[in-house]
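In: Predicted model and sequence below, questions to follow.
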Amino acid sequence: MLLNKVRTGLLSLAVGSAACHVEPQPLPPYAARPVVELSRSEILNDNIRIGTLVQLAIEDPQGAICYFRVEDLRGAWVGHITTLGRFSKRMPFLDDEQDLGLWPMQKGIAKLFEIEGAVDLKELPVAVPATFRKNS
């Protein structure tokens, strides 16, 4: 008798859990999206590390949106770079960034740090999640 009650309970639990499966709802258009780090490089000026270049990708349902962020030694954001090479500099206490125009990578990064000439980049190892590689 007790065994029958246990079997009946387990059967109703299995049927109930199968019926409760709900498909995930699509995200609203302005919902937060996961961001994945794709690469990281040290920024060097005369072989002295002055910052970090981080390549990031926003996991959007329409496809990955890639961009670069430039950080100083403390990790503060110096500016951003589009995949087309447009540079913008963070301006403290202002909402918008200052547009610096289109530049080759090393020369544009030097402009962000207000250095004459160009800087050198040394790529660092980064683990990219397998789910992002599969989806992009």
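Out: Everything's here; your move. Residues are numbered from 1 along each chain as shown.
In: use CA for all of it now, contacts and neighbours both
Out: Will do.
In: Could I get the full set of helices for the protein?
Out: 2-19, 105-112, 130-135 (DSSP state H).
In: Confidence-wise, which of these is weakest overall?
Out: Looking at these, the lowest mean pLDDT belongs to helix 2-19 (a mean of 50).
In: So what sits opposite residue 80 in the bridge?
Out: residue 69, residue 88 (DSSP bridges).
In: from memory it sits against residue 56, does it?
Out: No. With contact defined as C-alpha atoms under 8 Å, residue 80 does not count as touching residue 56 (10.5 Å).
In: These two: which has the busier surroundings?
Out: Shown here are residue 80 and residue 56; by other C-alpha atoms under 10 Å, residue 80 has more neighbours (24 against 18).
In: Quick check: buried residues in stretch 69-79?
Out: 69, 70, 71, 72, 77, 78, 79 (16 or more other C-alpha atoms under 10 Å).
In: Sounds good, over and out.
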